[in-house]
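Asker: Please work out how this folds:
(2 chains)
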Amino acid sequence: MVHLQKLHERYAKDGLQVFVVSMHPDVKDAQKLTKELKVNYPVFNGHESDLGKQYAFG
Amino acid sequence: MTAAAACGATVRAEFTAGSQIPDFSLPTPDGKTLELGREAGTLRLTRNGASTSPRVLAIHLLQPDCLQCRAQLRALQSLHERFGEQGLAIIGVSHRGDDKALAELAKELGLGFPVAVGAGSTLAKEFAAGDSLALVDSGGMVRFAQVGYGVGDEKLWIEGIESMLAGKLPAKTGVDRERLAVGDPFPAVVLPSLGSGKTMELTGKGETLVFRDDAGKEARPKAAVGFFSRY
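Answerer: Sure, this is the predicted structure:
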């Protein structure tokens, strides 16, 4: 997420859309983490989503 | 649309069914050594100077701070308890993190099988495309392999282990996963914002990426990059 933040800061102005799909089971914990990491690109909540079940493993 | 999200693609190697597992010698968090070798074509696992020849070996490449690895390690611990006396040996090898983090994790989870520190090792460099699992037969051949972990995967591991303990090949050599590859259509991401709970969208409409934020503001990015995060 930190590396993505750097990409966001560097390339957003050129048209790069950085995003994360959070699979963290605890929304409050995930919110706290993104706040601590100063993430200011979009973070989707994908926990228990069909998209997450289809593509997120590891 | 000029780019898609990098969700599952990898350029690094991983365990592959039908290939031999290499010999290795790795330090354990308690300052000893865990060695995998061969004697007359049979695997030998040596820990603290004592050697065994497992009938089935499960190797898990993991990261100590990975939530999903914790879930996978708990599942492996239950397999250790179920099949350990029948000839299954399990080893966990970290491919990131230090010995202290690995020791704390093993203690916290009450692991009954050995763990070794593999960060920077040839094994990690060659096979840690992600957090991985390989089921290896007594001759050192990988018979089942997967990257990542999804709840319920252990059903396949159990089938594989039972088959191998019975001297048969597993019915499946891996899990059925969908991975995004170069050339695949971009899957629509329509989910709540983690912050506000309001819906956001990132979709590929025709040849154009469209992002709509949680306030309804629309943008047409030239490219997108993202990943699924378990923190």
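
Asker: And the closest residue to B:Asp153 other than its chain neighbours, how far from B:Ala145?
Answerer: Once flanking residues are discounted, B:Asp153 sits nearest to B:Val175: 5.7 Å by CB to CB, 6 or more residues apart in numbering or on different chains. Where you see a C-beta, it was placed from the backbone N, CA and C, and this is true even at glycine. From B:Val175 over to B:Ala145 the distance is 9 Å, taken as CB to CB, to the nearest Å.

Asker: Next: A:His47.
Answerer: According to CB to CB, A:His47 stands 27 Å off from B:Ala145.

Asker: Same check on A:Val18?
Answerer: According to CB to CB, A:Val18 and B:Ala145 sit 31 Å apart.

Asker: quick one: strands adjacent to the longest strand seen in chain A?
Answerer: Using DSSP state E, we find that the single longest strand of chain A is strand A:16-22. Strand pairing for strand A:16-22, using DSSP bridges, gives strand A:43-45 (parallel), strand B:223-229 (parallel).

Asker: Between those strands, which one is closest to B:Lys32.
Answerer: Nearest to B:Lys32 among these is strand B:223-229; the distance by CB to CB comes to 34.8 Å.

Asker: next structured bit after the longest strand of chain A?
Answerer: Under the assignment DSSP states H and E, the closest C-terminal helix or strand after strand A:16-22 is helix A:27-36.

Asker: Run through who's touching that next one.
Answerer: Defining contact as CB atoms under 8 Å, 6 or more residues apart in numbering or on different chains, one finds that helix A:27-36 is touched by A:1, A:22, A:24, A:43, A:45, A:47, B:194-195, B:231.

Asker: do stretch A:43-58 as well
Answerer: Stretch A:43-58 is contacted from outside by A:19-25, A:27, A:30, A:34, B:7-8, B:68, B:130-131, B:147-150, B:177-180, B:187, B:189, B:191-195, B:197, B:200, B:202, B:228, B:230, using CB under 8 Å, 6+ apart.

Asker: Out of the strands paired with strand A:16-22, name the one with the poorest average pLDDT.
Answerer: Mean pLDDT is lowest for strand B:223-229 out of the strands paired with strand A:16-22, coming in at a mean of 87.

Asker: With only the CA atoms kept, save that one in CSV.
Answerer: Extracted C-alpha coordinates of strand B:223-229, given in CSV (Å, rounded to 0.1, in the frame of the first residue of the first chain):
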residue,chain,number,x,y,z
ALA,B,223,-4.6,3.3,-16.7
ALA,B,224,-5.2,1.7,-13.3
VAL,B,225,-3.2,-0.4,-10.9
GLY,B,226,-4.4,-2.0,-7.7
PHE,B,227,-4.4,-5.2,-5.7
PHE,B,228,-6.4,-7.1,-3.1
SER,B,229,-5.0,-6.4,0.3
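
Asker: Have a look at B:Val175 and B:Ala145 and say which one is more surrounded.
Answerer: B:Ala145 (22 against 19; other CB atoms under 10 Å in any protein chain shown).

Asker: and chain B, what are its domains?
Answerer: Residue ranges for the domains of chain B, per automatic domain parsing: B:24-165, B:189-219.

Asker: Mean pLDDT added to those domains, as a markdown table?
Answerer: A markdown table is the format used below for these (pLDDT from 0 to 100):
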| stretch | mean pLDDT |
| --- | --- |
| domain B:24-165 | 93 |
| domain B:189-219 | 93 |
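
Asker: Tell me which of those sits nearest to A:Asp14.
Answerer: Among the domains of chain B, the nearest to A:Asp14 by CB to CB is domain B:189-219 (12.6 Å).

Asker: Check the strands paired with strand A:16-22 for me and report the most buried one.
Answerer: Across the strands paired with strand A:16-22, averaging neighbours per residue (mean count of other CB atoms under 10 Å in any protein chain shown) puts strand A:43-45 on top, at a mean of 25.

Asker: and after that one, which helix or strand comes next?
Answerer: Counting by DSSP H and E, the next helix or strand C-terminal to strand A:43-45 is helix A:50-55.

Asker: In that following helix, which residues are buried?
Answerer: Using 16 or more other CB atoms under 10 Å in any protein chain shown as the test for burial, helix A:50-55 gives A:51-52, A:55.

Asker: okay, these in JSON lines with distance to B:Ala171 and pLDDT next?
Answerer: JSON lines is the format used below for the buried residues of helix A:50-55 (distance: CB to CB, whole Å; pLDDT from 0 to 100):
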{"residue": "A:Leu51", "distance to B:Ala171": "29", "pLDDT": "85"}
{"residue": "A:Gly52", "distance to B:Ala171": "27", "pLDDT": "81"}
{"residue": "A:Tyr55", "distance to B:Ala171": "25", "pLDDT": "76"}
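
Asker: I am finished for the moment; much appreciated.
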